[in-house]
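What shape does this take:
(one chain, ligands or ions: 2)
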Amino acid sequence: MPHVMMSRKKCTGCHMCELACSAYHEGAYRPSVARLHSDCNPTTAEVKSHTCLQTACAKCQDACPNDAIVTKRITVKPHGFFDSKEKVGESVEGFVLVVDEEKCNNCGDCYEACPYDVIHEHPDRTVAFKCDLCDGDPQCIAFCQNKYVYAMDLKVDKKDKELAAV
Ligand code: SF4
Ligand code: SF4
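Ligands and ions are numbered 1, 2, ... in the order given. Presented below is the predicted three-dimensional model:
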């Protein structure tokens, strides 16, 4: 799956990605409902990045007793710059894991299973929510535009190529 990555070395902890994410999905600048997080220690400036690895991980999908996390085909065509752009190209076909809200009963099994702490109960709706790559134009990449940073990157993993061949 194409998935977004945050460079712990480059990220300055400005939280622009979280603002862009929440604005796109929730219509508000509300980092608490962003689908990725830059966890920056104010004393040491050490950054812990929290982003979803999609089908390269899929632990939430495996854990869900209701088959509520589904694999969806997607074309990812990001605006903005990212390190692997030359390798990835202008667009990439792949898969993303999305929550089917009709099937999700908020049991929480996926919250426990996620190793990166990026799937949670939505604070306003009693369903799980996670990164869906913004319908192919990840806003975290589009808005991480400090040219000295470009801390957001797009990766394509082997699992995605296997799924594409099915
Ligand atoms: S909270 Fe929803 S998506 Fe997560 S495991 Fe339970 S039913 Fe599945
Ligand atoms: S939400 Fe968590 S468990 Fe699910 S694919 Fe992403 S990183 Fe893995």
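
ranges for the helices of the chain?
Using DSSP state H, the helices of the chain run over residues 16-26, 59-63, 85-88, 109-113, 139-143, 158-165.

For the nearest residue to residue 67 once chain neighbours are set aside, give me its contacts.
Nearest residue to residue 67, sequence neighbours excluded (Cβ to Cβ, 6 or more residues apart in numbering): residue 103, at 6.3 Å. All C-beta atoms are positioned from the backbone trio N, CA, C, and that covers glycine. Taking Cβ atoms under 8 Å, 6 or more residues apart in numbering, we find residue 103 in contact with 66, 67, 68.

swap in residue 157?
Residue 157 touches 1, 3, 53, 55, 56, counting by Cβ under 8 Å, 6+ apart.

The third one contacts residue 116, doesn't it?
Pointing back at residue 53 there. Yes: between residue 53 and residue 116 a contact is recorded at 7.1 Å, counting by Cβ atoms under 8 Å.

which one of those two has more residues nearby?
Of the pair residue 53 and residue 116, residue 53 is the one with more neighbours under other Cβ atoms under 10 Å, namely 21 against 17.

if I look at residue 28, how far off is ligand 2?
Counting by Cβ to the nearest ligand atom, to the nearest Å, the separation of residue 28 from ligand 2 is 22 Å.

Can you give me the pLDDT of that residue?
As predicted, residue 28 sits at a pLDDT of 96.

repeat for residue 112
So, for residue 112, pLDDT stands at 98.

end to end, how far does stretch 12-30 reach?
19 Å (Cα to Cα, to the nearest Å).

no, scratch that, I was asking about stretch 27-40
Distance across stretch 27-40, first residue to last, is 24 Å (Cα to Cα).

okay but residue 117 is in contact with residue 50, surely?
Yes: contact status for residue 117 versus residue 50: in contact at 5.5 Å, counting by Cβ under 8 Å.

what is in contact with these two at once?
With Cβ under 8 Å, 6+ apart, residue 117 and residue 50 have common neighbours residue 37.

For these two, indicate the residue with more neighbours.
The neighbour count for residue 117 versus residue 50, taken as other Cβ under 10 Å, is higher for residue 50 (17 against 11).

and the gap between the more buried one and ligand 1?
17 Å.

Tell me which residues touch that residue, please.
Residue 50 neighbours (Cβ under 8 Å, 6+ apart): 6, 36, 37, 38, 39, 116, 117, 118.
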